[in-house]
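> Attaching a predicted model along with its sequence, questions to come.
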Number of protein chains: 2
Amino acid sequence: MITPNMHYADLKESYLFYHIAQKTKAYLEENPGTHLYRMGIGDVSLPLCDAAITALHGAVDDQAVKERFHGYMPECGMPSLRHTIAEHYRDRGVAITDEEVFVSSGASDELGDILDLFDRSCSALVIEPAYPAYVDANIMAGRKIVHLPASRDNGFLPAPCEEAKADLLYICSPNNPTGAVFNREQLQAWVDFAKENGSVILFDAAYEAFVEDESLPHSIFEMKGAKECAIEICSLSKTAGFTGTRLGYTVIPEALERNGMHFHDMWVRNRTTKTNGVSYIIQKGGEAIFTPEGQRQIKANIRFYKGNARILMEALDELGIWYCGGKNAPYIWMECPDGMDSWAYFDHLLHNMQIVGTPGEGFGACGEGYFRLSTFGSREDTIVAAKRLLESK
Amino acid sequence: MITPNMHYADLKESYLFYHIAQKTKAYLEENPGTHLYRMGIGDVSLPLCDAAITALHGAVDDQAVKERFHGYMPECGMPSLRHTIAEHYRDRGVAITDEEVFVSSGASDELGDILDLFDRSCSALVIEPAYPAYVDANIMAGRKIVHLPASRDNGFLPAPCEEAKADLLYICSPNNPTGAVFNREQLQAWVDFAKENGSVILFDAAYEAFVEDESLPHSIFEMKGAKECAIEICSLSKTAGFTGTRLGYTVIPEALERNGMHFHDMWVRNRTTKTNGVSYIIQKGGEAIFTPEGQRQIKANIRFYKGNARILMEALDELGIWYCGGKNAPYIWMECPDGMDSWAYFDHLLHNMQIVGTPGEGFGACGEGYFRLSTFGSREDTIVAAKRLLESK
């Protein structure tokens, strides 16, 4: 008799965003036709930029004619795209090779798949509040999870410490959900800590494009020694609105090895065995993002979302509510007013202001009492949401 | 110190198709400008059908405007596509629900990912010759592999037996590489065997669209009791030329459970944790394949490849060389002439006839002495390759 992976039985019953969707659905069934101001799940609202659209159409045209048709793609990514992404790093002073870049279907997919490189006995550090999939993907593998709670006292940016020792260290900066960003000294401390302990950092850089303060790092490879202890996972989802189009990339330095095994080479083997590469059409769309035109266009979109962030931050300032994020990140992490717990505040916003946000408790126990607002909504919705928050004063 | 997944060290050094690519590259470096007749890796040569192209362009247009833009997709697949695929089954008399269909990025990706549902202690039966990734994906997980050699004596379609007992049973029919197809009685015997032993069959149906003999099954769910013991993994790669466009689907019956765990529900949880769904654009392209127009167009393409198969089969018949496949499958599995071993025959064909095929040994030890020809090449190449084979008589 086959044995299922019984670790799935250890998962908590309901997934945060599923739970939000259920509550929202129930509200709409009771109040049909109501317009909701959706600042919950971090989905974008602006369409793809023109450069991507033109490239996607061009790639579809290629697939229509025998002479330009593309069959199986190289499993680790189209060489021209790997080169373009590596150049994007090199232009910012981070020396990586084309071969260190792997094209992926997005950060979510990659964060799940990449765990295959590590033994199941490894422990995983999750700095909470955190993206719930970090925890769930490791529970599925039966790994021990070390929870390190962050708090307002350390600006939700904890320093490494004895309790943070683990084999795999998840670091997400700019952070989801808090929007907090590690500065260079803080991130260097985590790199040094990983090196001291032989750990590997999984650096989730999905929001790096939102960093505007020039002193803050975009990539962990800006830190000294990171190539010997880190993997960086990136995404075009938020950078370029690819949430439903799906493309990302991962950097695994050739220098990263433990116990004589090179993670870079292992990942090549993993991809060539377990995938046939990412869709040609989508890779061509992604490539356009890295052209000067594409960069100009996505930066305009990012500025738009930052406009939303300013509107919400001004409202919170006026209300005297503590928050972090918003400036160098697309998320605002606010304290729930009047000592409300985060699901109570969720219900309060939904029922009284028709605003859908994300309860902090869904990102770990230490997120209780906090609430995440996304800045990816439309301008009109953001303005109304800010107005309703202010009126509730 | 973090421990890598040391099972990667147990993988054999080189992957079959990589090895072929290296040998081919070396030949072209010695003989620049030579045209090669590529009947090796099973990549298609015809472009996507018009129905898919129109749908892909339409989906790209949707991504360009705010009103029709699609962000995060449902992780298990677009409901309309799941419905369309389930209808496709139901039209053929196989009763599955929409929710039992999961949209994937293709069979390769899915065959790698789906192993997460099973405990690492499970053993895996691989009927050889076999697609090399079946073995490698299980070596990466540290699983015990039970090799069941097929042979010309059983038409490369072995029956279940004591030596075939394992927890996971890989069955690929029409088979890659042999092109052999289990008939209803033979496949029912495997289903009965799986049920007796509490095993789960992973049924690789990537080539089902090539079955033309009406008595042969397309889906394992045509067999009695299969819903309690099988998962079916399908692909548009060969059916519709999606090798580089990437789309597939997987059927996990709700009735499939072991030890109180429902694999269907586990897979929902896996997908919602480890993916954000397949690209909207690609799903729309795939959906067009299931329209009457799309079906007509892909069937014309399949008939074209079957024309290639006939040309090669006629040459082999004339040469008096034993083979199987070709009729209900896109692969022809031939005996190497003159007692040559399969890599020697590979070199012989490459150097003397400029034909690239796939050595049988790459699919397992019992493939030694055999050779795989793909029928996915161009008509012109196939005609010349057949002519050269005949001239070598």
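Happy to help now that I have it. Numbers count the residues shown, from 1 in each chain, chains lettered A, B, ... in the order given.
> residue in the stretch 251-393 of chain A nearest to chain B?
Of all residues in the stretch 251-393 of chain A, the one sitting closest to chain B is A:Lys274 (2.8 Å; C-beta to the nearest C-beta). Backbone N, C-alpha and C define where each C-beta goes, glycine included.
> what about that residue, how many neighbours?
As a burial measure, A:Lys274 scores 21 neighbours (other C-beta atoms under 10 Å in any protein chain shown).
> so A:Leu169 sits in a strand?
Yes: counting by DSSP: H, G, I helix; E, B strand; the rest coil, A:Leu169 is located in a strand.
> List the single closest residue to whatever residue of the stretch 101-250 of chain A ends up closest to chain B in space, sequence neighbours excluded.
The nearest approach of the stretch 101-250 of chain A to chain B comes at A:Gly112, 2.8 Å away (C-beta to the nearest C-beta). Distances taken as C-beta to C-beta, 6 or more residues apart in numbering or on different chains put B:Lys274 closest to A:Gly112, at 2.8 Å, once the chain neighbours are dropped.
> now A:Leu16
Nearest non-adjacent residue to A:Leu16, counting by C-beta to C-beta, 6+ apart: A:Gly362, 3.5 Å away.
> Per-residue pLDDT of the closest residue to A:Leu48 other than its chain neighbours, please?
Spatial nearest neighbour of A:Leu48, chain neighbours left out: B:Gln63 (4.6 Å); criterion: C-beta to C-beta, 6+ apart. Here the pLDDT value assigned to B:Gln63 is 98.
> related to what we said a few turns ago, ok, now which ones touch the residue of the stretch 101-250 of chain A closest to chain B?
A:Ala133, A:Ala137, B:Thr273, B:Lys274, B:Thr275 (C-beta atoms under 8 Å, 6 or more residues apart in numbering or on different chains).
> what's the most distant pair in the residues you listed?
A:Ala137 and B:Thr275 (10.8 Å; C-beta to C-beta).
> what about the helices in chain A?
Using DSSP state H, the helices of chain A run over A:16-30, A:50-64, A:79-91, A:107-113, A:132-140, A:184-197, A:263-274, A:280-289, A:292-319, A:342-348, A:379-391.
> Among those, which comes closest to B:Met334?
Closest of the helices of chain A to B:Met334 is helix A:263-274, at 26.4 Å (criterion: C-beta to C-beta).
> So which residues make contact with the closest one?
A:75-76, A:99-100, A:102, A:113-114, A:116-117, A:200, A:231, A:250, A:252-254, A:256-257, A:277, B:4-5, B:8, B:11, B:15, B:18, B:108-109, B:111-113, B:132-133, B:136-137, B:140.
> That one vs helix B:132-140, what angle?
Using axes from the mean of the first three to the mean of the last three C-alpha atoms, to 10 degrees, the inter-axis angle of helix A:263-274 relative to helix B:132-140 is 140 degrees.
> Can you add distance to B:Ala226 and give the helices of chain A back as TSV?
Below are those laid out as TSV (distance: least, C-beta to C-beta, whole Å):
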stretch	distance to B:Ala226
helix A:16-30	30
helix A:50-64	35
helix A:79-91	41
helix A:107-113	28
helix A:132-140	26
helix A:184-197	48
helix A:263-274	25
helix A:280-289	34
helix A:292-319	48
helix A:342-348	43
helix A:379-391	48
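> closest to A:Gly369 out of those?
Closest of these to A:Gly369 is helix A:342-348, at 6.3 Å (criterion: C-beta to C-beta).
> Identify the residues contacting the residue nearest to A:Leu48.
Going by C-beta under 8 Å, 6+ apart, B:Gln63 touches A:Pro47, A:Leu48, A:Ala52, A:Ile53, A:Leu56, A:Gly244, A:Thr245, B:Phe69, B:His70, B:Tyr280, B:Ile281.
> Around the nearest residue to the last one once chain neighbours are set aside, count how many other residues there are.
On the basis of C-beta to C-beta, 6+ apart, the spatially nearest residue to B:Ile281 that is not a chain neighbour turns out to be B:Ala59, at 4.3 Å. The number of residues packed around B:Ala59, counting by other C-beta under 10 Å, is 25.
> Does B:Ala59 touch B:Tyr280 like I think?
Yes: the pair B:Ala59 / B:Tyr280 is scored as a contact, 6.1 Å apart, by C-beta atoms under 8 Å.
> who in the stretch 201-350 of chain A is up against chain B?
Contacts of the stretch 201-350 of chain A with chain B, taken as C-beta under 8 Å from any C-beta of the partner chain, map to A:237, A:241, A:243-246, A:258-259, A:261, A:263, A:266, A:269-270, A:272-282.
> Of these, grab the buried ones for PyMOL.
Filtering those down to the buried ones (16 or more other C-beta atoms under 10 Å in any protein chain shown) takes a single PyMOL command:
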select buried, chain A and resi 237+241+243+244+245+246+258+261+263+266+269+270+272+273+274+275+276+277+278+279+280+281+282
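> Run through the residues that contact A:Met340.
Contacts for A:Met340 (C-beta under 8 Å, 6+ apart) come out as A:His348, A:Gly369.
> Near A:Arg388, how many other residues are there?
Neighbours of A:Arg388 under the rule other C-beta under 10 Å: 16.
> Now do the residue nearest to A:Glu254 when sequence neighbours are not counted against A:Phe118, distance only.
The shortest distance from A:Glu254 to any non-neighbouring residue, by C-beta to C-beta, 6+ apart, is to A:His264 (4.9 Å). Going from A:His264 to A:Phe118 by C-beta to C-beta, to the nearest Å gives 14 Å.
> same question, A:Ile127
For A:Ile127, the distance to A:Phe118 equals 18 Å [C-beta to C-beta].
> Check A:Tyr323 too.
To A:Phe118, A:Tyr323 is 35 Å away according to C-beta to C-beta.
> same question, A:Phe346
Taken as C-beta to C-beta, the span from A:Phe346 to A:Phe118 is 35 Å.
> Out of the helices of chain A, the one nearest A:Glu368 is which?
Of the helices of chain A, nearest to A:Glu368 by C-beta to C-beta is helix A:342-348, at 5.8 Å.
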